[in-house]
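# Here you go, sequence then predicted model.
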Amino acid sequence: MNSQQSNPLVQLVKDFLSERQPKGVGWTHIFGSSLLWLFLVQVITGALLAIYYSPTPDTALASIKYIEEQVAFGSFIRGLHHWASSAFVILLGLHLLRTFLFGAYKKPRHWIWGAGVMLMVLVLGMAFTGYLLPWDMKGYFATKVGIEVGALAPVLGDAVKKVLQGGAEMGIKTLNRFFIWHILWIPIGIALVIGLHVYLVVIKGITPPWKRTEESGEPDKPFFPQQAWKDFIGMAVVTLVLIGMAIWIGAPVGDPVDPNTTTFVPRPEWYFFPLYQLLKIFEGQLEVIGGVVLPGLLILGMLFLPWIDRNPERRLNRRPVALSLGLIIPVIIVGLTVWGWQSGQALESEYAEESKESDWYTQAEPANEDLVDAGLYEAYLPMRCGTCHDKEAKGTNTPPSLYGAGDRYQRTWVKEYLLDPHNRRYEKKGVRPTIRMPDYRLSPAEAERLAAFLSEETGEDSLVPNDMDWTVKDTAMITKGEQLYSEYRCGSCHVINGAGGEIGPALDGAGNRLKPDWMYTFVGDARRLIPETPMKNYDLWDEERKALTYYLLSMRETEE
Amino acid sequence: MVNPGNNNAGLLDNSRRKFLLYLWIGAQSVLAALIVIPGLRYLLQPLYEKVQSQRVQLGDFRGTPEGEPTPVEYSVLQQAGYQVQSEQEFVYVLRRGEKVTVFSPICTHMGCNVAWNSEAGEFHCPCHGGKYNKEGEVIAGPPPEPLRQFPNKVEDGSVWITLGENKA
C-alpha cells in the first residue's frame, strides 16, 4: 500500500477526478464550477476589502476612496468584487435555466434544485446588502427603495422595515446591519447551501441529458481530463473578463449621501431592473403585486417546481409546457430588464431637465480639518501655487489673488475647475484666453484637498454682512435682479449667454462659481474686495444688492 | 425509526427509552432556546424602540412665497441606538394667506424625496416617476397615497410641527 492510497483526501480527489460522467455532459455543464470559483473570488476580494473598509456613515465613502486611490491594487480588487457579483447573477441564471431545460430539477435531484434556488435568493441578498456599504447616493437610495419593498409585506411590513433598517430611520445601525449580513451571515448561508448542493450532486450524480428520470445515463468518460478542462476554460474566460472589467471600467464611487436631495435619480443595478420596472407598472394600491406578490410567486414556484411538475419525462420535446415556460419566463425577465433600463434612462433625462430648474445654491458644510491640512501641505505648498497667486493680500485679479478665496468661490466649483481648468473657465468659456492656468492633471482626491484648503482661506472683515438665507430661491428677486442688470447696463462689461462686453469676466455659471455673500458685497463695493478691479463701486440700495445677487446666483452652469 | 442491522437497534424499543429520548430532545431544545430567544429579541430591538416626538419650529412662514410650495429646512435630533445627532431635514410649506400646509417630502411609494417643479406646478419623484399636485394628491405614477401632511400650528408668525409618532 503506498502513502497516496492511504491518504483519504488524495483518494477523494482521485475518486472525484475519475468519476465517470453520463454521455452528453459537456459545455452545458460548466456553469457550476465557474460559480464555485466566483464564490471563492468574492470571499477573497471581500475579505481584502474589509481590511480597509470602515462601516460608519461618516467614514465609509472615505474608506472606499482610500481603497480606490491609495491602496496598491485597491481599485483592481474592488473592481473584481463589483463585477464578480454581476457575473455571479448571470452564471447562476444560466445554470438554473440549463437545469430547468434538462429537467434536472426532477426527483431524485429535487433537493439539488431547491438548494440552487435558495442560492439565487442568497446571492440577490448579497447584492442588496452590498449596495449600501459605500454609503453613497446610489447605495443609500437604492437601499431605501429595497427596504420599502420589504415594508410592502402584508401584516409584517412595518416590522420588516424596522428590523432591516435597525430603527425608524436609515443611519449607522442600518449600515452596521447590512455590513454584518454582507460579510458574515449571508456568506455563511451561501457556503452551507453550496456545500449541500455539491454534496447532493456527488451523491446523486450528474443528470444525463434528455432521458426519463428512471433511466440513468450510460457512464462515459471520466471527469478528468475532458470535462475538467472544459470547466477550467469556463473559469478562465470568466476570470479574464472580470480582470478586464476591473482594470478598464472599475467599480463606481458615488457622491456622498445627501438624504434631503430631490434631484438625484436612483437606479438599481441591472439585475434589479425587473423589480424596478414592476414597481413602476403596478400603481397605487396594486404596488404590493409588483413589489411582493409576483417576485414571491416566481421564487416559490421555482422552489416547489419538482413537486409541481412530477412527470418523470425529461426529454425537452416531450415537455411542451416546460419548454414554453422555460422560454417565456426568461424572455419576460430580460424584457423587464431592458424596459426598466430604458424607463430609468428616460426618467433620468426628464429629471436632468427638471433639476436645472430646481438646481439652486446650497450651503456647503465646512471642510474637514485633516483635508484642509492635506490641501496645504500636500498640494498648495508642493505645487507652489503661491508663485502666481498671492494669498496674503488682496492684490490683483489677474491671476487672481487667493486672499479670501474661501469667501469668494464655492468649493465644489473649485474642485471641478482644478480638475479641468481649460474647459471650465478658459478655452471653452472664452474667458481670458491669454492667461492660462496650467492643467496640472490632478487626481480627484488632490483637487478635493486643494479645494478644501482654499475654502478655509477667508479674508478678514472683507464681506458686508447681510441677513439673507440664499439657499431659499426667490423668483421675484431673480426677476428684479434681471431688470437691474439691464438698468445698470452690466452687460456692457460682462457676457451672459454670449451677449455683452468682455471687459469683465463672463457671468455664465456665476451661481455655481461664486458665493452669494461675496457677490452681495462685490456688486455694490467691488474695490473693497479687489482694490485694482476696473469695476467701480455702485451706490446700491440693500434690496438692489440682494436682487442682483439673486440674479447672478440663478446663473447656473449649463454645460460640462 | 428502528433500523435492524444497525447499532441504533433497540433505541426506542421500550417506553422508558422513548421517554428518555423525548426528554433528551426537549432538554436540548430548552438549551438552544436559552440562546436563541435572547438572540432573537436582541435582533428585533428596533421594534421595541420608541420614537420620541419633537416639536420643531420652521420659522417665519410670512417670508415664503404665496401659493408656491417652498422647501424649508429644520434641524432635528435623531437617536439611532447609541448615537444621537442633529440632522437636517426638510418639508414643503405651502402658504395661502394665513393658512399654512406642511407636506412631507417623502414619496408615499418608495420613500424617495419629491421635488417641487414650479413650471409644471407639480411634485415629481425621481425614483419611479410619481407625480403629485400642489395639494399633494397623486396625479400620475405608482404612489398609493397623497403626500402626508404635518399638523401644524402658527404662533407669532412661526410655523411649528410635531415630529415623532405622527411623523409622515
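Done, it's in.
# Near chain B, which residues of the stretch 101-250 of chain A are found?
For the stretch 101-250 of chain A, the residues in contact with chain B (Cβ under 8 Å from any Cβ of the partner chain) are A:141, A:144-145, A:147-149, A:159, A:162-163, A:165-169, A:171-173. To be clear about C-beta, it is placed using only N, CA and C from the backbone, and glycine gets the same treatment.
# how's chain A carved up into domains?
As given by automatic domain parsing, the domain ranges for chain A are A:3-263, A:361-462, A:470-560.
# Looking at chain A, which helix is longest?
Longest among the helix segments of chain A by residue count, using DSSP state H, is helix A:320-358.
# got any ranges where the chain has weak pLDDT?
I'll assume chain A. A:1-6, A:209-219, A:353-359, A:395-398, A:422-436, A:461, A:557-560 (pLDDT under 70).
# that's the wrong chain, I wanted chain B
Short version for chain B, where the test is pLDDT under 70: B:1-12, B:63, B:164-168.
# Tell me where it has helices.
Along chain B, the stretches classed as helices by DSSP H are B:15-43, B:45-48.
# Mind putting those helices into a markdown table with mean neighbour count?
As requested, the helices of chain B are exported to a markdown table (neighbours: other Cβ atoms under 10 Å in any protein chain shown):
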| stretch | mean neighbour count |
| --- | --- |
| helix B:15-43 | 10 |
| helix B:45-48 | 14 |
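# What parts of the stretch 401-550 of chain A come near chain B?
Contact residues, the stretch 401-550 of chain A versus chain B (Cβ under 8 Å from any Cβ): A:Thr471, A:Val472, A:Asp474, A:Thr475, A:Ala476.
# Most neighbours of all the residues you listed, which one?
Within those, neighbour counts (other Cβ atoms under 10 Å in any protein chain shown) peak at A:Asp474, which reaches 21 neighbours.
# Can you tell me, leaving aside adjacent residues, what's nearest to that one?
Leaving aside its chain neighbours, A:Asp474 sits nearest to A:Tyr550 (5.8 Å; criterion: Cβ to Cβ, 6 or more residues apart in numbering or on different chains).
# wait, isn't the one you found in contact with A:Glu482?
No. In this structure A:Tyr550 lies outside contact range of A:Glu482 using Cβ atoms under 8 Å: 9.2 Å.
# of the two, who's got more company?
Using other Cβ under 10 Å, the more surrounded residue of A:Tyr550 and A:Glu482 is A:Tyr550, with 26 against 16.
# Which strands or helices does the helix or strand that contains that one pack on?
Using DSSP states H and E, A:Tyr550 falls within helix A:542-553. Other helices and strands packing on helix A:542-553, by 3 or more Cβ pairs under 8 Å, 6 or more residues apart in numbering or on different chains; DSSP states H and E, are helix A:475-487, helix A:510-513, helix A:516-524.
# which residues are contacting the second one?
The contact list for helix A:510-513, computed with Cβ atoms under 8 Å, 6 or more residues apart in numbering or on different chains, reads A:Tyr361, A:Tyr409, A:Gln410, A:Thr412, A:Trp413, A:Met519, A:Leu552, A:Leu553, A:Ser554, A:Met555, A:Arg556, A:Glu557.
# Give me the distance between that helix and the centre of its chain.
Centroid displacement of helix A:510-513 relative to its chain, using Cα atoms, centre = their mean, to the nearest Å, is 27 Å.
# try the last one
Centroid separation for helix A:516-524 versus its chain: 38 Å, with Cα atoms, centre = their mean.
# For that helix, name the packing helices and strands.
The contact analysis (3+ Cβ pairs under 8 Å, 6+ apart) places helix A:516-524 against helix A:405-408, helix A:526-529, helix A:542-553.
# Which one of the residues in chain B is closest to chain A?
Using Cβ to the nearest Cβ, the closest approach of chain B to chain A is made by B:Ala115 at 3.4 Å.
# show me the contacts for the closest residue in space to that residue that isn't next to it in sequence.
Leaving aside its sequence neighbours, B:Ala115 sits nearest to A:Thr262 (Cβ to Cβ, 6+ apart; 3.4 Å). Shown in contact with A:Thr262 (Cβ under 8 Å, 6+ apart): A:Ser358, B:Pro71, B:Pro105, B:Asn113, B:Val114, B:Ala115, B:Trp116, B:Pro126.
# so B:Gln83 bridges to which residues?
B:Ala80 (DSSP bridges).
# Okay, A:Trp27 and A:Leu94: tell me how far apart.
Distance, A:Trp27 to A:Leu94, using Cβ to Cβ, to the nearest Å: 11 Å.
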